[in-house]
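Asks: whatever this is, show me its structure:
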Amino acid sequence: MQSVTGYTQVTDGQALAELCRHWQQRPFLAFDTEFIRTNTFYPKMALIQVCDGSANFLIDPLSIGQWEEFKALIINPEVTKVFHSCSEDLLVFLSFLGVVPSPVFDTQIASALLNEGFGLSYQNLVRQKTGLELPKGETRSDWLQRPLTPEQLDYAALDVAYLPEIYQLLQALLEKQGKSDWMREEGERLTHGCDAEIKADFSDYYLNFKNAWQLNRVQLAALQKLVIWREEKARKRDRPKSWIIDDQQVFAIARNRPETLQQLSAIAGLSPKFLKHEGEALLQLLQAVAGMPESALPALTRQPLSAGQKKKLKAAQSYIEEKAAVLTMAPELLARKKTLLALLYSCLDAKARLGTIPDSEQITIPEDLQGWRRPVIVADLLAIFAA
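Replies: Reported below is the predicted structural model:
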């Protein structure tokens, strides 16, 4: 395999627009980004790498102000955007340009579909396909500095140099194994994963707290409102959420529901500055929660699994490992523990509601088990959970 060596730096909006008009005719392009997110909520785009199969281009977002042609390119449905491990890249594009690249092909996911490794790094993928070792030294360097060093530029160019040919190799293998449609669905799933950011709906973010089952419905309402408040505040200030207030403090406030500044100050870790600027707002939020009608309170969250339920979950995990071996793919991509747990809870809910073992039409199937996975594994999983 031969890589595309060298690179062209793009620092002018007109030059970028001309390239984009040329790239619109390509069936696919390889992309990567460099960004910084150490002290902000939103990532700061620092560099965009593109390889069109014949040349590498390093686009400087700090010196370009015209992006319309580029935005049209990255949402062109006729041009596949090839990334490696692209979930963060997609959010960076959304934050920077307000659009999500599509359609996408993620070489990390393709490798998992082909059972060539789950969570494979780009360096390991290149080593696997080419035998070459890529440098890692610039991973954590300052990508917002200008000028970028020759070492940074070389590193950035190599991050996309091998992707076009690797993409074509993986795509051929997917077609051979009849998994091309599966890969297309996975790409769609990645872009749809940005929906929450686009809609700015944070109402279910409180469910990410693992200990939420310990709270009653009023405490859960407080947790929900606090999490929404923090999410909106972090975005408005463009600061990491933990800089506003960390998870432990959010949970403690929701559980204790303080009614005065003195009671609020008893929460460990809250600084006098935070109490001065945000204390009254939080107390008003908690007061509003206390006045909510019972019908508006969130439902209790899931209790930990019983011993028998844990046994069923373990049986489902064993089934996924066996099925993945038959399908020659990574079991983690077929169904993760979190997804299996969601299906198990859905079965338990349906059984409790109906008073009998439900059939598949009476059970809410999690989104992660829809698409190509549903006919492949869902019926067997439901049989395991019904046993």
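
Asks: then Met45 would be within a strand, right?
Replies: Yes - assessed by DSSP: H, G, I helix; E, B strand; the rest coil, Met45 belongs to a strand.

Asks: for Ala379, which non-adjacent residue is spatially closest?
Replies: Leaving aside its chain neighbours, Ala379 sits nearest to Ser360 (6.8 Å; criterion: C-beta to C-beta, 6 or more residues apart in numbering). In this view, the C-beta of every residue, glycine as well, is placed from N, C-alpha and C.

Asks: list the contacts of the nearest residue to Asp368 once chain neighbours are set aside.
Replies: Leaving aside its chain neighbours, Asp368 sits nearest to Thr339 (4.4 Å; criterion: C-beta to C-beta, 6+ apart). Residues in contact with Thr339 (C-beta atoms under 8 Å, 6 or more residues apart in numbering) are Pro366, Asp368, Leu369.

Asks: of those residues, buried ones?
Replies: Pro366, Leu369 (16 or more other C-beta atoms under 10 Å).

Asks: and the pLDDT for the residue nearest to Asp368?
Replies: pLDDT, Thr339: 97.

Asks: doesn't it fall inside a helix?
Replies: Yes - per three-state DSSP, Thr339 lies within a helix segment.

Asks: average model confidence for stretch 156-167?
Replies: 96.

Asks: residues in contact with it: which ones?
Replies: For stretch 156-167, the surrounding residues in contact (C-beta under 8 Å, 6+ apart) are 1-7, 28, 30-32, 34, 47, 49-53, 56, 58, 82-84, 105, 107, 110, 122, 125-126, 129-130, 132, 134-135, 138, 148.

Asks: kindly recompute the last result at 6 Å.
Replies: 1, 3-4, 7, 30, 32, 47, 49, 51, 53, 56, 58, 82, 107, 126, 129, 134 (C-beta atoms under 6 Å, 6 or more residues apart in numbering).

Asks: let's see which of the residues you listed end up in helices.
Replies: Thr107, Val126, Lys129 (DSSP state H).

Asks: with adjacent residues omitted, what lies nearest to the first one?
Replies: Read that as Thr107. Nearest to Thr107 is His84, by C-beta to C-beta, 6+ apart, at 4.7 Å.

Asks: neighbours around the one you found, how many?
Replies: Residues contacting His84 under the criterion other C-beta atoms under 10 Å number 27.

Asks: same check on Leu381?
Replies: Neighbour count for Leu381, taken as other C-beta under 10 Å: 24.

Asks: begin at 67 from here
Replies: Sounds good: first residue 67 from here, last item Leu447.

Asks: list the buried ones in the strand or helix carrying it?
Replies: In the assignment (DSSP states H and E), Leu447 maps to helix 445-452. Going by neighbour count (16+ other C-beta under 10 Å), the buried part of helix 445-452 is Leu447, Leu448, Ile450, Phe451.

Asks: could these be laid out in CSV, adding pLDDT and distance to Pro324?
Replies: As requested, these are exported to CSV (pLDDT from 0 to 100; distance: C-beta to C-beta, whole Å):
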residue, pLDDT, distance to Pro324
Leu447, 97, 44
Leu448, 96, 45
Ile450, 96, 45
Phe451, 95, 42
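
Asks: quick check, nearest of those residues to Ala83?
Replies: Leu447 (50.0 Å; C-beta to C-beta).

Asks: where does the stretch 117-266 of the chain have low pLDDT?
Replies: 204-205 (pLDDT under 70).

Asks: and the helices in it?
Replies: 134-140, 153-163, 173-179, 188-196, 216-227, 229-242, 246-258, 261-265 (DSSP state H, counting those that start in this stretch).

Asks: quick check: the residue nearest to Ala445 vs Glu344, distance?
Replies: According to C-beta to C-beta, to the nearest Å, Ser426 and Glu344 sit 48 Å apart.

Asks: what about those two, which has more around it?
Replies: Each of Ser426 and Glu344 has its neighbours counted (other C-beta under 10 Å); Glu344 has more, 19 against 14.

Asks: what's the helix or strand for that one?
Replies: Short version, using DSSP H and E: Glu344 is in helix 338-356.

Asks: list the buried residues of that helix.
Replies: Applying 16+ other C-beta under 10 Å to helix 338-356 flags Phe340, Leu341, Glu344, Gly345, Leu348, Leu349, Leu351, Leu352, Val355 as buried.

Asks: same question, stretch 173-188
Replies: For stretch 173-188, by 16+ other C-beta under 10 Å, it's 173-182, 184, 186, 188.
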